[in-house]
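**Student:** Structure of the sequence below:
(2 chains)
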Protein chains: 2
Amino acid sequence: MQEAFSAPARLLMGPGPVNADPRVLRAMSQQMIGQYDPAILALMDDTQALYRRVFETGNRQTFLVDGTSRAGIEALLISIIRPGDPVLVASAGRFGMLLTELARRAGAQVTVIDRPWGEVFTLEEIEAGLRKCHPRILLTVHGDTSTTMLQPLEGVGELCREYGALFYTDATATLGGNLLPVDALGLDAVSAGLQKCLGGPAGTSPVTVSPRYEELCRRRTSIELGSRESSDEDGPDPVIPSNYFDMVQLMEWWGSRRLNHHTEATTALYAAHECARLLVAEGVAAAAERHRRAGEALLAGVRAMGLQPFGDLSHRMNNVLGVVIPEGIDGAAVQRALLTNFGLEIGSSFGPLRGRIWRIGTMGANARRDCVLTTLAALESVLLRMGHRLTAGAAVRAAWEYCDDAGL
Amino acid sequence: MQEAFSAPARLLMGPGPVNADPRVLRAMSQQMIGQYDPAILALMDDTQALYRRVFETGNRQTFLVDGTSRAGIEALLISIIRPGDPVLVASAGRFGMLLTELARRAGAQVTVIDRPWGEVFTLEEIEAGLRKCHPRILLTVHGDTSTTMLQPLEGVGELCREYGALFYTDATATLGGNLLPVDALGLDAVSAGLQKCLGGPAGTSPVTVSPRYEELCRRRTSIELGSRESSDEDGPDPVIPSNYFDMVQLMEWWGSRRLNHHTEATTALYAAHECARLLVAEGVAAAAERHRRAGEALLAGVRAMGLQPFGDLSHRMNNVLGVVIPEGIDGAAVQRALLTNFGLEIGSSFGPLRGRIWRIGTMGANARRDCVLTTLAALESVLLRMGHRLTAGAAVRAAWEYCDDAGL
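**Tutor:** Numbers count the residues shown, from 1 in each chain, chains lettered A, B, ... in the order given. Next comes the predicted model:
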């Protein structure tokens, strides 16, 4: 008999997925319960309540999509974009391109505004885009891991209301590690994932939508054959082309009607609940601050090592740092050496940044002093072994001092 | 601080999800590894090889869709059905209705043939349907849990080839507990789930497609912005409207290209691998036989209790038995009493069968002697307490004798 898979020990310090909090893995390993069990219905309600706190929102429609982060994105986009709708995408990285792709597949008339990778949009640039195409929805990426940049969203909600647009952001890589007060920012739709700052495994996407989104979405109501009652009437707008990602049906599954739709992914629900419970217990602001400090500690170390951080540092994400691969160093070889000799993973990036930068993450359960110091020590060791000139010990010392001062 | 969720102990003897094999939960609770880690790439390859054995197929394109069972169904349908394509659905239950629904949302011209719930189609009926609409694809349900019937698929593959149609079956509820030799049956596309006979949690859908399906599907190739290389050209057929469910991109993610698409759901992959490993170790035929015996033991007990099994027993699934709720008994009250007093779950059904039958499952890790006997003892106790007349002890005795004789 073939042996069971045994996962090698890894310290995951790339752009995500990262190591899951052991408490989340423990929650996931509980035995199944039925999907109409009173215990699971209570758990679903509680999960919704917890994610409202994580998203800092009063949105009733706050729940999980059973799929990886881009499942959540696609559900939010395909449920609101009707064929021919004008859509504006603010794209400055790989995940901005994904939004463009998804909007196009949903049949939108897509207008894209862009910035070089490593930069963010100003309010004026976003307003110019809104004025140009008067979109049904503006699609933004809160933190585009491909560039490590954090798009400021303050003021964008007001602009969207002024121009009659809904406002979406992809918070896959930021939620839980950067502040994202959904209601205060006037966001209408946000999706996320567990495998970054929430410290869980990939495979579940928390989403939240505003009453305004819900109202427009419900115009596309079409309860599926097999679940519909004689009182169920179709809405006036075109049916959502996906059944799995039909937000109206998902609302009715998570809501008091408990409409039969997909089979709930029970163990993923356990994980998502535990991620949110831990985050709420720590406090959303405290968790963001912990991520900020871990990111600063890493930055201090990287600079002390003589390496150059990537991009507009005044707008970087707390939880992922871009590091320019020094001249004469084979970035992929460094990554392989880290994995082989230290069991430690960091990432590179995509497109124009592939092989040009490393991406080092400090997020979720790994936004910790020991993870930062271990990473710096290992990276320094590999670079020294490859003949790169640097002051041995400086990186760890700088980060250690930062940690002592800042309290991490 | 709010306490962690603690799942109540349940013996899940409904139509699924059922209890996961503890070895699967253990596999899932392993720590994360990165999605380009050599260890995960090897695990993905091995998972594909194992599922080829589970599906009894040589199909190269055999992998997992990260979502619940209907995610797998939707991926297979939306990737092959182009707007306006004629599609034939053989529908005799809730999940036949789901196929109709999904095909319509994909823009198909759908022709439905149906049978009363509790019956199956003859080859002649299927051929008449094929002759009538010459579909691009025939959609069938191998085992429709809503009715507990197993649709015989022998000969259907030949008919589909004769009429130039692809041949799909939904094996969510049957794979691993009933024989389904994909290649021998001439199937072009099959999807399944873990939460039934495979003894895992819901949330991952194993799928397999034939070279013929792959070839047609690749005519819709459109590698997404952000992953495409200059050598990537779009195919001649219309782009698949979903990105998440784009089978071509999933093939390139699971294949040697390892095209960046979704973030792999690592822990779900661990679970799916372990489910297949255990099934292959037991033997696909042996597992089906175990399910058959568990189903027969349950049937013997149900009959000895004086209850009437539902539907065409010559075509029932091994792993779910329909039981007609006796006159004068409140079926839902029985289910509640079982859950409250015995921690044991059985199900009812949908639509015309809601409140008319119970569905009792014996599948995955629960296709065992002790699960069957415990269920019969508990059900008898509840019925007696509710004043239903039956011969106390007869059900367990009959099932016990069957188990001794048949070896379960």
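**Student:** going forward, measure contacts and count neighbours with C-alpha atoms only.
**Tutor:** Fine.
**Student:** can you give me the helices for chain A?
**Tutor:** Remark: helices assigned in chain A by DSSP state H are A:22-28, A:38-54, A:69-80, A:94-105, A:123-133, A:156-162, A:211-218, A:247-254, A:266-282, A:284-304, A:331-342, A:369-385, A:394-406.
**Student:** What residues sit buried inside the second one?
**Tutor:** Of the residues in helix A:38-54, those with enough neighbours to count as buried (16 or more other Cα atoms under 10 Å in any protein chain shown) are A:40, A:41, A:43, A:44, A:47, A:48, A:49, A:50, A:51, A:52, A:53, A:54.
**Student:** returning to what we had before: nearest to residue A:357, of the helices of chain A?
**Tutor:** Residue A:357 sits nearest to helix A:331-342 of all the helices of chain A, at 7.8 Å, using Cα to Cα.
**Student:** Report all helices and strands that the closest one contacts.
**Tutor:** The contact analysis (3 or more Cα pairs under 8 Å, 6 or more residues apart in numbering or on different chains; DSSP states H and E) places helix A:331-342 against strand A:344-345, helix A:369-385.
**Student:** any idea how far residue A:14 is from the closest residue to residue A:35 other than its chain neighbours?
**Tutor:** In this structure, residue A:35 finds its nearest non-sequential neighbour in residue A:264, 6.3 Å apart by Cα to Cα, 6 or more residues apart in numbering or on different chains. Look at residue A:264 and residue A:14: by Cα to Cα, to the nearest Å, they are 30 Å apart.
**Student:** cool, residue A:347 as well?
**Tutor:** Distance check for residue A:347 against residue A:14: by Cα to Cα, it reads 5 Å.
**Student:** what do the two both touch?
**Tutor:** Residues within reach of residue A:347 and of residue A:14 at once, by Cα atoms under 8 Å, 6 or more residues apart in numbering or on different chains, are A:359, A:360.
**Student:** excluding its backbone neighbours, what's nearest the residue nearest the centre of chain A?
**Tutor:** In chain A, the centroid-proximal residue (Cα atoms, centre = their mean) is residue A:172; its distance is 1.0 Å. Closest residue in space to residue A:172, ignoring its immediate chain neighbours: residue A:192 at 3.7 Å, by Cα to Cα, 6+ apart.
**Student:** any idea of the pLDDT on the residue nearest to residue A:45 when sequence neighbours are not counted?
**Tutor:** Closest residue in space to residue A:45, ignoring its immediate chain neighbours: residue A:254 at 7.8 Å, by Cα to Cα, 6+ apart. Listed pLDDT for residue A:254 reads 97.
**Student:** from what I can see residue A:254 touches residue A:43, true?
**Tutor:** No - with contacts counted by Cα atoms under 8 Å, residue A:254 stays clear of residue A:43, the gap being 10.9 Å.
**Student:** Please name the residues that touch residue A:265.
**Tutor:** Here residue A:265 is in contact with A:66, B:68, B:201, B:202, B:203 (Cα under 8 Å, 6+ apart).
**Student:** what's the neighbour count on the first one?
**Tutor:** Around residue A:66 there are 28 other residues, counting by other Cα atoms under 10 Å in any protein chain shown.
**Student:** Phi, psi for residue A:31 please.
**Tutor:** With angles defined as degrees, to the nearest 10, residue A:31 sits at phi -70, psi 160.
**Student:** do you know how far residue A:193 is from residue B:62?
**Tutor:** From residue A:193 over to residue B:62 the distance is 26 Å, taken as Cα to Cα.
**Student:** okay, the residue nearest to residue A:243 when sequence neighbours are not counted: pLDDT?
**Tutor:** Of all residues not flanking residue A:243 in the chain, residue B:102 sits nearest, at 6.5 Å (Cα to Cα, 6+ apart). Here, the pLDDT recorded for residue B:102 equals 98.
**Student:** wait, isn't residue B:102 in contact with residue B:76?
**Tutor:** No - using Cα under 8 Å, residue B:102 is not in contact with residue B:76; the gap is 10.3 Å.
**Student:** Write out the residues of the stretch 51-200 of chain A neighbouring chain B.
**Tutor:** A:66-71, A:74, A:94-95, A:97-98, A:101-102, A:105-106 (Cα under 8 Å from any Cα of the partner chain).
**Student:** of the buried residues of helix A:38-54, closest to residue A:187?
**Tutor:** Nearest to residue A:187 among the buried residues of helix A:38-54, counting by Cα to Cα, is residue A:52 at 13.2 Å.
**Student:** For the closest one, give me its contacts.
**Tutor:** By Cα under 8 Å, 6+ apart, residue A:52 lies in contact with A:58, A:59, A:62, A:208.
**Student:** ok, back up a step: which one of the residues of the stretch 51-200 of chain A next to chain B has the most neighbours?
**Tutor:** Going by other Cα under 10 Å, residue A:67 tops these with 31 neighbours.
**Student:** right, so the helices and strands packed on helix A:331-342: which one is the most enclosed?
**Tutor:** Ranked by mean neighbour count, these are led by strand A:344-345 with a mean of 25 (mean count of other Cα atoms under 10 Å in any protein chain shown).
**Student:** Tell me if that strand is near chain B.
**Tutor:** Yes - using Cα under 8 Å from any Cα, strand A:344-345 reaches chain B at residue A:345.
**Student:** What pairs with that strand, parallel or antiparallel?
**Tutor:** Applying DSSP bridges, strand A:344-345 is found paired with strand A:11-12 (parallel).
**Student:** Now render the helices of chain A as a markdown table, adding distance to residue B:286.
**Tutor:** A markdown table is the format used below for these (distance: least, Cα to Cα, whole Å):
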| stretch | distance to residue B:286 |
| --- | --- |
| helix A:22-28 | 30 |
| helix A:38-54 | 34 |
| helix A:69-80 | 37 |
| helix A:94-105 | 44 |
| helix A:123-133 | 62 |
| helix A:156-162 | 60 |
| helix A:211-218 | 48 |
| helix A:247-254 | 37 |
| helix A:266-282 | 28 |
| helix A:284-304 | 51 |
| helix A:331-342 | 41 |
| helix A:369-385 | 47 |
| helix A:394-406 | 58 |
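**Student:** Any idea which of those helices gets closest to residue B:235?
**Tutor:** If you check each of the helices of chain A against residue B:235 by Cα to Cα, helix A:94-105 wins as the nearest, at 14.9 Å.
**Student:** Output the closest one as CSV, restricted to C-alpha atoms.
**Tutor:** Output of helix A:94-105 as CSV, limited to C-alpha atoms (Å, rounded to 0.1, in the frame of the first residue of the first chain):
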residue,chain,number,x,y,z
ARG,A,94,-1.5,40.9,-12.1
PHE,A,95,-4.7,41.0,-10.0
GLY,A,96,-5.9,44.1,-11.8
MET,A,97,-5.5,42.1,-15.0
LEU,A,98,-7.6,39.3,-13.5
LEU,A,99,-10.4,41.8,-12.8
THR,A,100,-10.3,42.9,-16.4
GLU,A,101,-10.3,39.3,-17.5
LEU,A,102,-13.3,38.4,-15.3
ALA,A,103,-15.3,41.5,-16.3
ARG,A,104,-14.7,40.7,-20.0
ARG,A,105,-15.8,37.1,-19.6
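**Student:** what sits up against it?
**Tutor:** Helix A:94-105 has contacts (Cα under 8 Å, 6+ apart) with A:74, A:77-78, A:81, A:87, A:89-91, A:110, A:112, A:139-141, A:144-147, A:350-351, B:224-226, B:239-243.
**Student:** Leaving aside the residues adjacent along the chain, what's closest to residue A:186?
**Tutor:** residue A:157 (4.4 Å).
**Student:** what number of residues lie near residue A:4?
**Tutor:** With neighbours defined by other Cα under 10 Å, the count for residue A:4 comes to 14.
**Student:** Next, format the contacts of residue A:265 as TSV and append pLDDT.
**Tutor:** Output for the contacts of residue A:265, formatted as TSV (pLDDT from 0 to 100):
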residue	pLDDT
A:66	97
B:68	97
B:201	97
B:202	96
B:203	96
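**Student:** Need the per-residue pLDDT for the residue nearest to residue A:216 when sequence neighbours are not counted.
**Tutor:** Once flanking residues are discounted, residue A:216 sits nearest to residue A:80: 7.2 Å by Cα to Cα, 6+ apart. Residue A:80 carries a pLDDT value of 98.
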